[in-house]
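In: pasting the sequence and the predicted model now:
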Amino acid sequence: MSLLEVDGLRVLLPGAGGLLTVVDGVDYRVEEGEVFGVAGESGSGKTMSMLALLGVLPDGATVEGHVSFDGRDLLALAAARRRELAGRDLAMVFQDPMTSLHPMLTIGRQLTEHVRLHLGFDRRAAESRALELLEQVRIPDGSEALRAYPHQFSGGMRQRIAIAIALACRPKLLIADEPTTALDVTVQAGILRLLDRLRRENDLAVILITHDLGVMSAIADRVSIFYAGRVVESGSRADVLRLPRHPYTRALLDALPHPELRGNQPLVAIPGSPPSPGNIPPGCAFHPRCAFARDDCRLHVPELVARNGRALACPVDPFAAE
Amino acid sequence: MTTLVLRARSLTRRRRIHPGLRQPLAVVGLVIVAGWIVVTIFAPLIAPADPLAQGFAASTGPSREHLFGTDELGRDVFSRVVYGARVTLPLSLLVVALAATVGAIIGAVAGYFRGPLDGLCMRGTDLVFAFPPIILAMVVAAVLGRGLQNAAIAIVIVAWPPYARIVRGLVMSVGDTEYVQSARLLGASARRALVRDVLPNVIGPVFVLMTLDLATAILLLSGLSFLGLGAQPPQAEWGSMVADGTQYFQWWWMGTFPGLAIFTVVLAFNFLGDSLRDVFDPRSGVRDSDEP
Amino acid sequence: MTALELTDVVVDYERRGGGRVRAVAGASISVERGQIVGLVGESGCGKSTFARAAVGLVRMTSGSVVFEGREIVPLARRGRPRDLARLQLVFQNPYASLNPRRKVGSQLADALETLDLVPVAGRPARVRELCELVGLPPTAADRFPHEFSGGQRQRIAIARALAADPSVIVLDEPLASLDASAQAQLANLLVSLSRELGLGLLLISHDLAIVHHVADAVSVMYLGRMVETGATSRLWEQPLHPYSESLINAIPHPDGSGFLPNALPGEVPDPGQPPSGCRFHPRCPYAFSRCSVDEPALVALAGGRTAACWLQPEGAIAASPAERARLVAGGDVQ
């Protein structure tokens, strides 16, 4: 049994025209201790699907499907129980550490709050845990740092602190939503190395949400590609990124400037832009932008077919021969 | 060239009714205001009697001939309330328009030129803000002398600073936005950028403030008249009618109906102003980024 | 003639709470017509301030900016001088650089009106032309900015700059807020505009990979100064400054190989308190004694490249910092 099993997850959000489907039937598994990458552009539903796990969707949202975490049915839990679980065994780190850290509380307070609430530590035990965490994320001068406020740190350090807070109660699963997007590339490299080390040291599973395939390639073990609220391809990192089978994955990789490619060649751009939740094309959501689309791509939503550890939602499968 | 799919206008646009009017309170407000405007314009046709005529039986309660009864001098209260609208509504509209204009000009000057001129204007607003509005209005009205005209002047003096503040703030903040900077780079003078890019963003908030301010102006006007500083007898004005009514509590209709008139108009403008705020916000329903 | 030349630009600004900060501490760059020059740097390097100084939005403390032979002046209350209109800037955030209350067509026509480039009758046609030039349908002119995606809005911003018939456009992180799809499209658009219209582009970005694809020449900036310049492909293959090298090594590769990029130790220092000597020395893997004492100047090296590093002596042939460091250790360079 996997640590996290998601089956047929659907999330609907209220919009002026009625309910909009932002996540449209998503299946995946995350094993203990592995880094699972979720890649997608805007409108792909990658963030919403994670918020659904934590139960922090906007008002009026509907969630359908089945989610099992550590053997428990997550969606069936009452809100209070789920919050308890969410703070302790499931943790999340967001993109912008400036807004995810409380600007008016000291780092020490924010670090100790969790352990005192969820694990019942007293003040001294909580503080020593806090120092331990700061050391794990390589923040120098831990005891000074405890008394400092978020604005006194740089973006990279704030993200490390956010990670430390997330790890306070020794969660089994950490969801990192674009953790390095707002950071400089040299700082990003540091955070990626940190995440890689932490997950090995703590046997932590990580769901890494990002639009940057290079970031995924750096630390993910398995990868899934989201498009317009659905999973279009998944598999091991090497398989999906070296030998992509879905036209969208292939196009996404081609659109990136590869360090090895000669400069001054035009980037192969994908025509059009990703659809917003209210305007998903019928059939395969990618078909209007796909170079290999056939007539029935417009008619049937492709099923995610799993085989040999790889899953693909494309009946055309134009690159299968490679 | 690539074919682009223009993203269809996001979530909130598929409506035919104007957004502001979708809220029921706004509709109620609009109906009430429209009703009073009709009353104001057609007063002579609506009022059964001359508001100043004292010929009727004094102090009689509401009846079929006198819907709101008669006052202690034998005047038809209904007619006085109807004609009172002719005083209150146009005057308060005028007062608010004047205050908004004066305030906006001062605010725009302060925000545009900044420096010592800005300081001077802001000290002016501070001076007015230091006093509770009704007290200051009373003092000014008392100094200028009794009468509706002086009361109006007093209210304008009390009401202009919020407009100055808002306009100054907007001129300064919008002036720093990247779209104004772009306009400047394209050759627009600061003045042209002010007119084309800044002003349209200023009109909305000013308008909302004006609508809400109308309620305040009406209350101030009635308040001053209540205190004897505004409308003078025998003029039919709601505030002074309420004042008279307090002297004759046993004849409840004399003060209650004019009071209800004030109440309904003020409430209506408040409803309208609140929904106008939503109408003028270009961001309602608009995304600030591409992220879901 | 060099279209845009910035020489030894210094920009200070007042920090909230007192104190002056030197955001740009003497930086130079030049852009020819039809050339795409990239300026790469991370947070705190001053590249955005530099970009604004280049077009006159920000006042310089010292240094000069010469555009088509004319020294530029910062924006004053009057309109910008006409001959500067051919120098334009596109901002980073496409959600903030367009007035939400005005139709797209009206904003595109701004330059046409102020500069009187086209008679009134011809303006609608020119506006439609501008839309097509950036790959938008002509009907875009009748819509409002919020009806478009980020990538499309950035195209509108570029079209607005093009309306002034510019010879040089400075673009401040134009791709940063965009999706991968939009980034690739826009990058290609910029290259084709530069080639077809002979535009000089100064492209400011933190993304060295994209700049590598788009720019002919690149300058790398760190803490207010240029640390290396050269032809893009040469710099990419063989960076000469330790910072450029770190920057390239930190870029992840989307090839499924599991390559974990190398991090740079430490943090970017506070621009208000730069390190002594070479600004990069506290984080430099090759730093030696001189680096903490004297600040190296940007010197010319063989092959039209420049670098500001004590490991790279003036006029030397290109050799990587690692090779040079070995020479230093061997006692060949003082």
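Out: Sure thing, it's come through. In this text the structure is predicted, and so the values were computed from the model without any measurement.

In: list the contacts of residue 222.
Out: Since no chain was named, I'll use chain A. The contact partners of A:Arg222, by Cβ atoms under 8 Å, 6 or more residues apart in numbering or on different chains, come to A:34-37, A:234-237. The C-beta positions use only the backbone N, C-alpha and C, and glycine is treated the same way.

In: actually it's chain C I care about, not the one you picked
Out: Neighbours of C:Tyr222 in contact, by Cβ under 8 Å, 6+ apart: C:41-42, C:45, C:243, C:279-280.

In: where does pLDDT dip in chain A?
Out: Low-confidence segments of chain A, defined by pLDDT under 70: A:258-265, A:321-322.

In: what about the longest helix in the chain?
Out: I went with chain A, as the question did not name one. Criterion DSSP state H: the longest helix present in chain A is helix A:185-202.

In: switch to chain B, that's the one I care about
Out: Longest helix of chain B, by residue count under DSSP H: helix B:77-113.

In: separation between C:Phe67 and C:Gly56?
Out: Taking Cβ to Cβ, to the nearest Å as the measure, C:Phe67 falls 9 Å from C:Gly56.

In: joint contacts of those two?
Out: Residues touching both C:Phe67 and C:Gly56 by Cβ under 8 Å, 6+ apart: C:Leu84.

In: what mean pLDDT does the longest helix of chain B get?
Out: For helix B:77-113, mean pLDDT rounds to 91.

In: so what does that helix touch, helix or strand wise?
Out: Here helix B:77-113 touches helix B:24-41, helix B:43-46, helix B:115-129, helix B:148-175, helix B:199-226, helix B:238-247, helix B:253-280, going by 3 or more Cβ pairs under 8 Å, 6 or more residues apart in numbering or on different chains; DSSP states H and E.

In: quick one, domains of chain C?
Out: C:4-222, C:241-329 (automatic domain parsing).

In: would CSV of these with mean pLDDT be doable?
Out: Output for the domains of chain C, formatted as CSV (pLDDT from 0 to 100):
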stretch, mean pLDDT
domain C:4-222, 90
domain C:241-329, 89
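
In: which of those is buried the deepest?
Out: Mean neighbour count (mean count of other Cβ atoms under 10 Å in any protein chain shown) peaks for domain C:4-222 among the domains of chain C, with a mean of 21.

In: start to end distance for it?
Out: End-to-end distance for domain C:4-222, by Cα to Cα, to the nearest Å: 21 Å.

In: which strand or helix spans the residue located most distally from the centre of chain A?
Out: In chain A, the greatest distance from the average C-alpha position (Cα atoms, centre = their mean) is reached by A:Arg124, at 33.8 Å. Counting by DSSP states H and E, the element that carries A:Arg124 is helix A:123-136.

In: skip ahead from that helix and say which helix or strand is next.
Out: Per DSSP H and E, helix A:123-136 leads on to helix A:142-146 as the next helix or strand towards the C-terminus.

In: can I get the CA coordinates of that next one in PDB?
Out: Taking Å, rounded to 0.1, in the frame of the first residue of the first chain, the C-alpha atoms of helix A:142-146 are listed here in PDB:
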ATOM      1  CA  GLY A 142      20.200  29.300  15.600                       C
ATOM      2  CA  SER A 143      19.700  30.900  19.000                       C
ATOM      3  CA  GLU A 144      19.900  34.400  17.400                       C
ATOM      4  CA  ALA A 145      17.600  33.400  14.600                       C
ATOM      5  CA  LEU A 146      14.900  32.200  17.000                       C
END
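
In: ok, the residue nearest to the spatial centre of chain A - contacts?
Out: In chain A, the C-alpha nearest the mean C-alpha coordinate belongs to A:Ile209, at 2.5 Å (Cα atoms, centre = their mean). By Cβ under 8 Å, 6+ apart, A:Ile209 lies in contact with A:37-39, A:46-47, A:50, A:175-178.

In: closest one of those to B:Val87?
Out: Nearest to B:Val87 among the contacts of A:Ile209, counting by Cβ to Cβ, is A:Thr47 at 58.9 Å.

In: so which of the helices and strands packed on helix B:77-113 comes closest to A:Tyr149?
Out: From the helices and strands packed on helix B:77-113, taking Cβ to Cβ, the stretch that ends up closest is helix B:148-175, at 26.8 Å.

In: and the residue lying closest to A:Met98 once chain neighbours are set aside, how close does it get to chain B?
Out: Closest residue to A:Met98 apart from its sequence neighbours, by Cβ to Cβ, 6 or more residues apart in numbering or on different chains: A:Arg158 at 6.7 Å. Going from A:Arg158 to chain B by Cβ to the nearest Cβ, to the nearest Å gives 20 Å.

In: beyond the helix or strand containing A:Arg158, next helix or strand please.
Out: Secondary structure assignment for A:Arg158, by DSSP H and E: helix A:155-167. Downstream of helix A:155-167, the next assigned helix or strand under DSSP H and E is strand A:173-177.

In: need the contact list for B:Val198.
Out: With Cβ under 8 Å, 6+ apart, B:Val198 has these contacts: B:170-171, B:174-175, B:180.

In: can you tell me how far the closest residue to C:Gly151 other than its chain neighbours is from C:Arg153?
Out: Excluding its sequence neighbours, the residue lying closest to C:Gly151 (Cβ to Cβ, 6+ apart) is C:Ala182, at 2.9 Å. For C:Ala182, the distance to C:Arg153 (Cβ to Cβ) stands at 10 Å.

In: same check, this time on B:Arg192
Out: Taken as Cβ to Cβ, the span from B:Arg192 to C:Arg153 is 23 Å.

In: check C:Ala209 too.
Out: Here C:Ala209 is placed at a distance of 23 Å from C:Arg153 (Cβ to Cβ).

In: could you do C:Leu84 as well?
Out: Taken as Cβ to Cβ, the span from C:Leu84 to C:Arg153 is 25 Å.

In: the residue nearest to A:Ala291 when sequence neighbours are not counted - how many residues pack around it?
Out: Among residues not flanking A:Ala291 along the chain, A:Pro247 sits closest, at 6.5 Å (Cβ to Cβ, 6+ apart). Applying other Cβ atoms under 10 Å in any protein chain shown, we find 25 residues neighbouring A:Pro247.

In: now B:Val31
Out: Around B:Val31 there are 12 residues (other Cβ under 10 Å).

In: what sits against it?
Out: By Cβ under 8 Å, 6+ apart, the neighbours of B:Val31 are B:Ala268.

In: who are the contact partners of A:Leu213?
Out: A:39, A:241, A:252-253, A:256, C:254 are the contacts of A:Leu213 under Cβ under 8 Å, 6+ apart.
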